[in-house]
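Chemist: Sharing a model prediction with you, sequence too.
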Amino acid sequence: MIIDSSVSAVVTGGASGLGAATVKALRDLGVKVAIFDLNPETGAKKAEELGALYCEVNVMSEESVDAGFAKARAAHGQERILVNCAGGGRGGKTIARDKQTGEIKPFVISDFEWVLGLNTVGTFRCIVKSAAGMATLAPNEDGERGAIVNTGSVAAEDGQVGQVAYSASKAAIKGMTLVIARDLANEGIRINTILPGIMATPPMLGVKTRAPAIFESLSASVPFPRRLGHPSEYADLALTMLRNSYFNGETVR
């Protein structure tokens, strides 16, 4: 896919971290970008900074997502690119014990459902809506109508203690990627997923401030280079997945 000013894109979670880096990378190439984000203050500020369109969107709401795509398409036309970066987590062990009393504390099931609703269902909801729109476009010379990049996590393959809900939600994104690629093949729409490791996003940079020793330990745990990943490195891989028309159905850790 040629990525230039003739193309429009939607980036969910585009107001910060990996999403904001991806918005910047696309805007640097002239792409018309709509930021879907729940936070109107940071979303509008980032959109103004990067020359993007802000759409206040909650990916857990069908109505909100529909309204976001309608606003983005009214301004930029049908998107050929979707990058899903919206997500989050709620930590906790499957069961834990109170350190003082020994009381058993089960994981709150509603929290588990919330994490899957945000990360897995929210991602799939945006895929469905975007792919339905992409399918209306005329294909390019390769027969391609659009391309999608999802954000999983290394936790999909290597979840740690206290990551049960997050790992399950990201493993589901990994698991559906190849199936969706096959579902969309006849429409000329590709989909790939990135499984980031420990990235220098706002939550992790907060750890650096609050607990520098933990931050240094996390950095040292990376085989090479011994540091957190830069959001720009995520964005660079996303661009590669979007550009390379033979890149399809893959998850890259």
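Modeler: Structure received. Numbers count the residues shown, from 1 in each chain.

Chemist: Contacts only, for R73.
Modeler: R73 makes contact with 79, 133, according to CB atoms under 8 Å, 6 or more residues apart in numbering. (C-beta placed from N, C-alpha, C; glycine too.)

Chemist: tell me which element it falls in.
Modeler: According to DSSP states H and E, R73 maps onto helix 62-76.

Chemist: Could you look up the SS state of the residue of the chain most remote from its centre?
Modeler: Largest separation from the mean C-alpha position in the chain: T101, at 39.6 Å (CA atoms, centre = their mean). Following DSSP: H, G, I helix; E, B strand; the rest coil, the label given to T101 is coil.

Chemist: phi, psi of it?
Modeler: T101 has phi and psi values of phi -100, psi -20 when expressed as degrees, to the nearest 10.

Chemist: For it, report the pLDDT, please.
Modeler: Looking at T101, its pLDDT reads 95.

Chemist: hmm, back to that, what's downstream of the helix holding R73, the next helix or strand?
Modeler: Per DSSP H and E, the helix or strand that comes after helix 62-76 is strand 81-84.

Chemist: May I have that next one as CSV, with CA atoms only?
Modeler: Extracted as CSV, the C-alpha positions of strand 81-84 are listed here (Å, rounded to 0.1, in the frame of the first residue of the first chain):
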residue,chain,number,x,y,z
ILE,A,81,-6.0,2.1,7.4
LEU,A,82,-7.1,1.2,10.9
VAL,A,83,-4.6,0.9,13.7
ASN,A,84,-6.0,-0.4,17.0
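
Chemist: How many residues are close by the nearest residue to Q78 once chain neighbours are set aside?
Modeler: Spatial nearest neighbour of Q78, excluding adjacent residues (CB to CB, 6 or more residues apart in numbering): G133 at 5.1 Å. Per other CB atoms under 10 Å, the neighbour tally for G133 reads 20.

Chemist: can you tell me which residues contact G133?
Modeler: Contacts for G133 were tallied using CB under 8 Å, 6+ apart; they are 69, 73, 78-79.

Chemist: Let me have those residues in a markdown table, extended by pLDDT and distance to A172.
Modeler: Below are these laid out as a markdown table (pLDDT from 0 to 100; distance: CB to CB, whole Å):
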| residue | pLDDT | distance to A172 |
| --- | --- | --- |
| F69 | 98 | 23 |
| R73 | 98 | 28 |
| Q78 | 98 | 27 |
| E79 | 98 | 24 |
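
Chemist: Can you say which of those residues are buried?
Modeler: By neighbour count, with 16 or more other CB atoms under 10 Å, the contacts of G133 hold 69, 78-79 as buried.

Chemist: got the buried residues for stretch 35-52?
Modeler: So, applying 16+ other CB under 10 Å, buried residues of stretch 35-52: 35-38, 42-43, 46-47, 50, 52.
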